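[1] Quick one, what's the 3D model for this:
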Amino acid sequence: MEFSKDLLERAHYWMRFTRAFDDRLDFLFKQGKIVGGLFSQRGHEAISVGAALALGKDDVIAPLHRDLGAYFVRGMSANRLMSQFFGRATGPSRGRDVNMHGNGDLSLGIIGFVSHLPQAMPVAVGAAHAFKLKREPRVATNFFGDGASSEGLTHEAMNWASVFQVPMIFILENNQYAYSTPLKKQMRVENLADRAVGYAMPSIVIDGNDFFQVYETVSQAVEHARKRGGPALIECKTMRMRGHAIHDNMSYVPKELLAEWELRDPLLKFETRLREMGLLDAEKQRELLARVEGEIDGAQAFAENAPLPDPKRLTEGVYAE
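    I've put the predicted structure just below:
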């Protein structure tokens, strides 16, 4: 697959922006400015950005708490996302939820999620089934982790997608730990993609820290599904480089394992390739980092000055039968 200069520059911007935004949130939490908990996506940038860039504008995506880049690529502004973490009325959930929960925006093709995983998965499958019934050339994708892969709902969703051959791409982010439980204590299989065999679903295992692999693999799966080829499972092997949430010090993770994965950092791998292709030098890197920090400064200022939710509007958007 050929990668255009424009695509690679956009990918570089969004990966750097995602990393810097994540680092800023960590800093703000320690200052006591963030409402609720905080989940870092460090190490997942190639997956969230690569997969999101591989989709068409009319496709649907169901990202999770380590897929910050996907929200940005799909068009959610830094102002709105920063407002979400500050609990402001200008956030996607209008201050009704915090961190990455409640961040859906169907106008951007983003399906939101709740803390219980993988509840968004069957919703995404439902969207894919609707596309098939309406004969629309659209595709749905969702992200889930190795821990969520053991939930019954995951298997119900994959079985449904396979039985009805809907245009659905399952993106499994295998980051080695489900909270504090290592992979070897979760399951016996080496590759989680092997589980797709039980649903007669094609699957593949890729390096989740390699943007080029992620983008190419997801692009091919999306086009196959768009042509009524059915669903697919893509296992992206990566590593969660920070704790489950900010309160988690990761003392249960061997330091040598983290050191090994630090050398495979998705941003460093991507930027090394860009330099080899002659698309990145020290000056361009400085300009990009300065631009990113300036934009995040603006988003922080916006959120800090945004209004808090009005208690009188608490019941708006709440429905009951």
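[2] where in this protein is pLDDT low?
    For the chain, the stretches flagged by pLDDT under 70 are 320-321.
[3] Any idea which residue is closest to the centre of it?
    Nearest to the mean C-alpha position of the chain, counting by Cα atoms, centre = their mean, stands Asp67 at 1.9 Å.
[4] Give the full set of residues in contact with that residue.
    Gln41, His44, Ile47, Ser48, Phe143, Glu173 (Cβ atoms under 8 Å, 6 or more residues apart in numbering). Where C-beta positions appear, they are placed from N, C-alpha and C, glycine not excepted.
[5] distance of Glu223 from Ala193?
    Glu223 sits 19 Å away from Ala193, going by Cβ to Cβ, to the nearest Å.
[6] More neighbours: these two, which one.
    Neighbours were counted for Glu223 and for Ala193 using other Cβ atoms under 10 Å; Ala193 has more, 24 against 13.
[7] Wait, the more buried one touches Leu172, no?
    Yes. When contacts are counted by Cβ atoms under 8 Å, Ala193 is listed as touching Leu172 (7.0 Å).
[8] Touching both of these two, which residues are there?
    Counting by Cβ under 8 Å, 6+ apart, the shared contacts of Ala193 and Leu172 are Leu233, Ile234, Glu235.
[9] that's a strand at the first one, yeah?
    Yes. Residue state for Leu233 (DSSP: H, G, I helix; E, B strand; the rest coil) corresponds to a strand.
[10] Could you pull up the contacting residues of it?
    Taking Cβ under 8 Å, 6+ apart as the test, what Leu233 contacts is Met158, Phe170, Leu172, Ala193, Arg195, Ala196, Met201, Pro202, Ser203, Ile204.
[11] repeat that with 7 Å
    If you count contacts by Cβ atoms under 7 Å, 6 or more residues apart in numbering, Leu233 has them with Phe170, Leu172, Ala193, Ala196, Met201, Ser203.
[12] what bridges to the nearest residue to the fourth one once chain neighbours are set aside?
    Of all residues beyond its chain neighbours, the one nearest Ala196 is Ser203 (3.7 Å), with distances taken as Cβ to Cβ, 6 or more residues apart in numbering. Beta-bridge partners recorded for Ser203 (DSSP bridges): Leu233.
[13] Count the neighbours of Ser203 for me.
    Residues contacting Ser203 under the criterion other Cβ under 10 Å number 21.
[14] Can you classify Ala161 by secondary structure?
    With three-state DSSP as the basis, Ala161 sits in helix.
[15] Repeat that for Arg264.
    coil.
[16] I figured it hits Asp207, correct?
    No. With contacts counted by Cβ atoms under 7 Å, Arg264 stays clear of Asp207, the gap being 8.0 Å.
[17] Please name every helix or strand in contact with the longest helix along the chain.
    When the chain is parsed with DSSP state H, its longest helix is helix 5-30. Here helix 5-30 touches helix 45-53, helix 68-73, helix 266-276, helix 282-305, going by 3 or more Cβ pairs under 7 Å, 6 or more residues apart in numbering; DSSP states H and E.
[18] Can you say which of those is nearest to Val139?
    helix 45-53 (11.3 Å; Cβ to Cβ).
[19] got the angle for that closest one vs helix 5-30?
    If you take axes from the mean of the first three to the mean of the last three Cα atoms, to 10 degrees, helix 45-53 sits at 130 degrees to helix 5-30.
[20] Just the C-alpha atoms of helix 45-53, please, in CSV.
    Coordinates of each C-alpha in helix 45-53 appear next as CSV, following Å, rounded to 0.1, in the frame of the first residue of the first chain:
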residue,chain,number,x,y,z
GLU,A,45,-1.8,6.1,19.6
ALA,A,46,-1.0,4.1,16.4
ILE,A,47,-4.2,2.0,16.9
SER,A,48,-6.7,4.7,17.6
VAL,A,49,-5.3,7.1,15.0
GLY,A,50,-4.5,4.5,12.4
ALA,A,51,-7.9,2.8,12.6
ALA,A,52,-9.8,6.0,12.6
LEU,A,53,-8.0,7.4,9.6
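[21] Contacts for the helix or strand just after that helix, please.
    Downstream of helix 45-53, the next assigned helix or strand under DSSP states H and E is strand 60-62. Strand 60-62 is contacted from outside by 52, 55, 70, 74, 109-111, 113, 120-121, 123-124, 127, 138, 140-143, using Cβ under 7 Å, 6+ apart.
[22] Which of the residues you listed fall in helices?
    Among those, the ones falling in helices (DSSP H) are Ala52, Ala70, Ala120, Met121, Val123, Ala124, Ala127.
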